[in-house]
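J.: Sequence and predicted structure below; questions after.
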Amino acid sequence: MISQLIEKIQKTKAPICVGLDPMLSYVPEHIVKRAFDAYGETLEGAAEAIWQYNKEIIDNTYDLIPAVKPQIAMYEQFGIEGLMVYKKTVDYCHEKGLVVIGDAKRGDIGSTSAAYATGHLGKVQVGSQTYEPFLGDALTVNGYLGSDGIKPLLATCRDNDKGIFVLVKTSNPSSGELQDKKIDGMTIYETMGHMCEKWGEDLPGVYGYSGVGAVVGATYPEQLRYLRDVLPTTFFLIPGYGAQGAGAKDIAGAFDKNGLGGIVNSSRGIMCAYQKEKCDEHDYAEAARREAIRMRNEIMGIVGKIVINK
C-alpha cells in the first residue's frame, strides 16, 4: 500500500489528501432538498444528501490527488444508511483510482483488533464465499494499547498489502496533556513513534517507508520536524492543515530530501471551500477543486520536487 501511495503522490505531484468528512450542515441546500424530496427527512434522506455531495467533490478532485480519507464517524451518525454511503464512497473512490485511508482510529486487542482489521483491510469468510467488507487501503489506529492491539492489524496488512497510520502526535490542542508527558526522559509521542518504526519492520516498502505510518499534526511543526529526523522509515499522515490553523510552512519539516515522507490532509478546507469563497452553493464542487489546486501548489512550493528511488 505505501509504495502505491508514494507512486501516486509522485505522479500527481500532490502530497495531499482530501478528507471526506461530511456533516449535513456542509451540504448545499439544493442537494439536501432533493434528497429529502426523494426520501423524506429520514436517515436515508440524510445519507443520500451526503452521497451526492461526496460524489461531486470526488468527481472534481480525483485527477488532482492521490488519496482520500473518509472519517467513518461522519457516516456512522446516520446509522446503517450512513455506513452504506461510507462503503459506497470507498468503492467509488477506488473506481477513480484513489488510495483510500479509512479514518476510524480503531484500537483494541486480540480477536477484536483482528475483527477490525478484517472489516476494514482484509477479507471475511462467509461459508464458501470470501468478502472484503469496507475495502480500505489503510486505516488509522490507536496504538496506545500497545503491541497486543497492533499485531493482528499487521498480520492482515501483510496478507493483503494494506497499511495503518498510528496516532502519534495528534493535531488537537489538548494532545499534549498525555502525549507530551515524559517517561525516562522521552515523550510518550516519541515513544509511540519508535514503536511505529519497530512495527514497520514487518511491512517494509520499496521506497524506504514501511506500511506502518504515523499520524502527526501540522499544528505542531517543531515536533513534526523532530519526528521526521528520528523516524526515517515512518510515513506521516498529517492533519491540521487549513481549518485547524496550520499552513504550508508548518509542514515543511515532514518531508525528506526527495520530497517524500508525508501526505497532508484537508477536510473542511476543501469540502467547504464554497463557504469560504462565498460563491454560489451550486459551485461547491468547483470550489473544492480550486482549493485542492491551491493547496497542492502551496505545499509543492515548500516541498519542491518529488523523486522516488528504489
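T.: Arrived safely.
J.: I figured Val68 hits Gly102, correct?
T.: No. The pair Val68 and Gly102 does not pass the contact test of CB atoms under 8 Å, sitting 9.8 Å apart. Every C-beta, even on glycine, is put in place using the N, C-alpha and C of the backbone.
J.: which residues are in contact with both of those two?
T.: Residues touching both Val68 and Gly102 by CB atoms under 8 Å, 6 or more residues apart in numbering: none at all.
J.: Helix, strand, or coil at Phe134?
T.: coil (DSSP: H, G, I helix; E, B strand; the rest coil).
J.: I'd like the distance between it and Val90.
T.: Phe134 sits 6 Å away from Val90, going by CB to CB, to the nearest Å.
J.: can you check Lys33 too?
T.: 26 Å.
J.: of those two, who's got more company?
T.: Val90 (23 against 12; other CB atoms under 10 Å).
J.: wait, the more buried one sits on Gly136?
T.: Yes. Counting by CB under 8 Å, Gly136 is a contact partner of Val90 at 6.3 Å.
J.: what residues do the two have in common as contacts?
T.: 100, 102.
J.: next one: phi and psi at Tyr274?
T.: phi -60, psi -30 (degrees, to the nearest 10).
J.: Oops, could you answer that again for Asp103 instead?
T.: phi -100, psi 90.
J.: Is it in contact with Met74, as I believe?
T.: No. Counting by CB under 8 Å, Asp103 sits too far from Met74 to count as a contact (9.1 Å).
J.: Give me the more crowded residue out of these two.
T.: Asp103 (26 against 22).
J.: give me the number of residues near the nearest residue to Ala47 once chain neighbours are set aside?
T.: Leaving aside its sequence neighbours, Ala47 sits nearest to Glu81 (CB to CB, 6 or more residues apart in numbering; 3.9 Å). Close neighbours of Glu81, defined as other CB under 10 Å, add up to 18.
J.: Flag the shaky bits of this protein, pLDDT-wise.
T.: Applying pLDDT under 70 to the chain flags the ranges 243-244, 310.
J.: Do a quick rundown of the strands in it.
T.: 16-18, 67-68, 99-106, 124-126, 129-131, 138-141, 163-169, 182-183, 186-187, 212-216, 236-238, 262-266 (DSSP state E).
J.: Asn60 against Tyr284, yeah?
T.: No. Assessed by CB under 8 Å, Asn60 is found out of contact with Tyr284, at 9.1 Å.
J.: next one: phi and psi at the residue nearest the centre of the chain?
T.: With distances taken as CA atoms, centre = their mean, the residue of the chain nearest its centroid is Lys69 (3.5 Å). Note on Lys69: its backbone torsions stand at phi -140, psi 90 [degrees, to the nearest 10].
J.: That one contacts Leu20, correct?
T.: Yes. Counting by CB under 8 Å, Lys69 does reach Leu20; the two are 6.8 Å apart.
J.: So for the two, which residues contact both of them?
T.: Ser267.
J.: quick one, what contacts the spatially closest residue to Tyr39 that is not a sequence neighbour?
T.: Excluding the flanking residues, the one nearest Tyr39 by CB to CB, 6+ apart is Gly45, at 3.7 Å. Residues in contact with Gly45, defined by CB under 8 Å, 6+ apart, are 35-36, 38-39.
J.: likewise Met1?
T.: Met1 touches 99, 137-138, 157, 161-163, 211, counting by CB under 8 Å, 6+ apart.
J.: For Val68, give its distance to Ile101.
T.: 7 Å.
J.: rewinding a little: where do the contact lists of Asp103 and Met74 overlap?
T.: Common neighbours of Asp103 and Met74, counting by CB under 8 Å, 6+ apart, are Asp21.
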